[in-house]
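Undergrad: Fold the following and give me the result.
(one chain, ligands or ions: 1)
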Amino acid sequence: MPLTVLFAASDGNWHSYAAPLRAALAEAGLDATLTREADPAAVDYIVYAPTSPLQDFSPYARCKAVLSLWAGVERIVANPTLTQPLCRMVDPALSEGMVEWVAGHALRHHLGMDRHILNPGRIWDPTCPPLARERPVAMLGMGELGTACARALAALNFPVTGWSRTPKAVDGIPCLHGPDGLDRALATAQIVVTLLPKTPETENILNARTLGLLPQGAVILNPGRGALIDDDALLAALETGHVGHATLDVFRTEPLPQDHPYWSHPRVTVTPHIAADTRAPSASRVIAENIRRSEAGEPLLHRVDRARGY
Ligand SMILES: NC(=O)c1ccc[n+]([C@@H]2O[C@H](COP(=O)([O-])OP(=O)(O)OC[C@H]3O[C@@H](n4cnc5c(N)ncnc54)[C@H](OP(=O)(O)O)[C@@H]3O)[C@@H](O)[C@H]2O)c1
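TA: Below is the predicted model:
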């Protein structure tokens, strides 16, 4: 009997995923029916995005795993009806996109590109930027995305310090952990990149105290989640110039409300949650591989630890 895979995500997602996901399931050797509607009692797997109307997982008693299309799972992880294993999205193309966004915005600030791109006064200022090796970076979050970005920046010679919850060993990148580690990572960072999940522990991790630890003029790049930053504290630090610029891709409310001070602040760049997108062809292969593993009795990849929240 074919497996029933319920696709519980937006119409747009269905449009992008229907063909590549069917192809990936077949390539993985799975006899599966991919559908947008099914008797809950007959569903074997759920491919899921939190934008779906499906919010009550309790009728899906036979479901062996919920496979998220998103890397961030904060909108589903605490759902009390979700008792099935939950896997988050780790997609090579998503990581690739994040590396490009982080490297691009880091280089923009490092090279001071705005001074030349926006130079209405036609000022001939021949000041050269320092080399990347003289611009320390703190990478907050050394998971799939943070590690890929840390490696890319280190390859450009930025001295990157990683920070995570648990100790890490990454070739060529000194890694710190825990609260003391955070303070040490921030104390020298001229560029801070936040690639942490949103959990009760990471909310407002950049606040008045931690922003105060940064050297004068440091730049923040936040492609993680809006809630990682205390917005009032950041605006205050931008006002005094203690933080030189913030390039923000994610916000507590999205789309960012028209009257939000970030839109008009001269030291803030807003990008509309486009740092990295899951790409259907590669993400479909990740989902199919996880279903194959589950059916073969192998452990699921990228399983979310419900207690940790990511
Ligand atoms: N803007 C976008 O387009 C976009 C796209 C995709 C994802 N994202 C965001 O990026 C986030 C990171 O994704 P990922 O795939 O790299 O996640 P991940 O592999 O789960 O990595 C998360 C990292 O954060 C660390 N961390 C978690 N809680 C912490 C704490 N309390 N203190 C210190 N470190 C902590 C983890 O530490 P350990 O290693 O010690 O566990 C890990 O290194 C996602 O959760 C999502 O919010 C944004």
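Undergrad: Contacts only, for P261.
TA: For P261, the residues meeting the contact criterion (Cβ atoms under 8 Å, 6 or more residues apart in numbering) are L235. To be clear about C-beta, it is placed using only N, CA and C from the backbone, and glycine gets the same treatment.
Undergrad: Can you tell me how far it is from L67?
TA: Computed as Cβ to Cβ, to the nearest Å, the P261 to L67 distance reads 38 Å.
Undergrad: for A28, same thing?
TA: If you measure A28 against L67 using Cβ to Cβ, the figure is 13 Å.
Undergrad: More neighbours: those two, which one.
TA: Counting neighbours by other Cβ atoms under 10 Å for A28 and for L67 shows that L67 has the greater number, 26 against 18.
Undergrad: Whichever strand or helix holds that one vs the ligand: in contact?
TA: Secondary structure from DSSP states H and E places L67 in strand 65-68. No - no part of strand 65-68 sits close enough to the ligand to count as contact by Cβ under 6 Å from any ligand atom; the gap is at least 10.7 Å.
Undergrad: Please name every helix or strand in contact with that strand.
TA: In this structure, strand 65-68 packs against strand 45-48, strand 86-87, helix 280-295, with contacts taken as 3 or more Cβ pairs under 8 Å, 6 or more residues apart in numbering; DSSP states H and E.
Undergrad: residues in contact with the closest residue to the ligand within the stretch 101-250 of the chain?
TA: The ligand sits closest to G143 of the stretch 101-250 of the chain, with a gap of 1.7 Å, by Cβ to the nearest ligand atom. G143 makes contacts with 164, 195, 197, 310, as judged by Cβ under 8 Å, 6+ apart.
Undergrad: Can you name the residues of this protein that neighbour the ligand?
TA: Within the chain, the positions near the ligand by Cβ under 6 Å from any ligand atom are 71-72, 90, 94, 141-146, 164-166, 195-199, 201-202, 223-225, 249-250, 273, 275-276, 310.
Undergrad: Among the residues you listed, which are located in helices?
TA: Cross-referencing these with the helices (criterion: DSSP state H) gives 94, 144-146 as the overlap.
Undergrad: Could you check the chain and say which of its helices or strands has the lowest average pLDDT?
TA: Every helix and strand of the chain was ranked by mean pLDDT, DSSP states H and E. The lowest is helix 113-117, at a mean of 95.
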